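Student: Need a 3D model of the sequence below.
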Amino acid sequence: MAKFEIKIKALELRKQGNSIKDIAKRLIVSPSTASLWCREIVLSPAQIKKLLESKQSRVTMGRLRGAQIQRERKLERIATANREALSLKKLSEKEFWISGLSLYLAEGSKRMGRVQFTNSDPRIIRYMIQWFKKFYNISKRDIKCSIIINEIHKARDLVIKDYWQKYLSLQSENFTDIRYVKTRQIKVYQNHDRYFGTFSFRVNKSAQLLNRLNAFTNRLLTL
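Tutor: Numbering: from 1, shown residues only. Have a look, this model is predicted:
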């Protein structure tokens, strides 16, 4: 069983209310590994009560309660951050341009002789396609797209293409074949069926536009 499959099974067992020790024993992993994988799972009061009743050690009870308190504090910090983020209102046209320029500085090509942008977050890809359309009159007909993903996802070829095509409102003509890479799977996904790889789009005949973007991003770094 692959590592990501073992982690998914561990998450399922934790959601069912199993203890970390039991999960580690069943999946033949260390308790620390099982604990790390399952740290984001919030047990119901009934599940916590059941685990507490099954333990004789007060130390174990304290650890469970402490972990629950830490999760609750984390959720509160996230809620506070989300409330603070509401202060960010709709961007002005200049702010929109600067934000896209900053994203291109971080994730765009600089020396390939053409404009190319790469990211694995669909929202960022869509944002940048809109940015190029607004400020440089680049239509979807002017771009060519590619997807890079680990070869363990090869059986999902059509699903992956369909996801990106629908999310970005693109046509099949915009896409090249998916490029599968054989690498050691470092990141473990809770549900790899919801992962759609790294997306890259390049703008056709964009050497001059690349020169302009390089000039602006260089200027941005000197301000």
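Student: what's the closest residue in space to residue 136 that isn't next to it in sequence in contact with, if anything?
Tutor: In space, and not counting its chain neighbours, residue 136 is closest to residue 209: 6.2 Å by C-beta to C-beta, 6 or more residues apart in numbering. No exception for glycine: its C-beta is placed from N, CA and C like everyone else's. Residue 209 sits next to 115, 136, 203 when contact means C-beta atoms under 8 Å, 6 or more residues apart in numbering.
Student: Select the longest helix from this protein.
Tutor: helix 58-85 (DSSP state H).
Student: what's the following helix or strand after it?
Tutor: helix 93-107 (DSSP states H and E).
Student: I'd like to know which elements the very next helix or strand once past that next one is packed against.
Tutor: Proceeding N to C from helix 93-107, the next assigned helix or strand is strand 116-119, under DSSP H and E. Applying 3 or more C-beta pairs under 8 Å, 6 or more residues apart in numbering; DSSP states H and E, we find strand 116-119 packed against helix 93-107, helix 122-136, strand 198-203.
Student: So for residue 3, which of the ones you listed sits nearest?
Tutor: strand 198-203 (20.2 Å; C-beta to C-beta).
Student: in the closest one, what counts as buried?
Tutor: By neighbour count on 16 or more other C-beta atoms under 10 Å, the buried set for strand 198-203 is 198-203.
Student: cool, stretch 145-153 as well?
Tutor: Applying 16+ other C-beta under 10 Å to stretch 145-153 flags 145-147, 149-150, 153 as buried.
Student: next one: stretch 74-90
Tutor: Per 16+ other C-beta under 10 Å, stretch 74-90 contains no buried residues.
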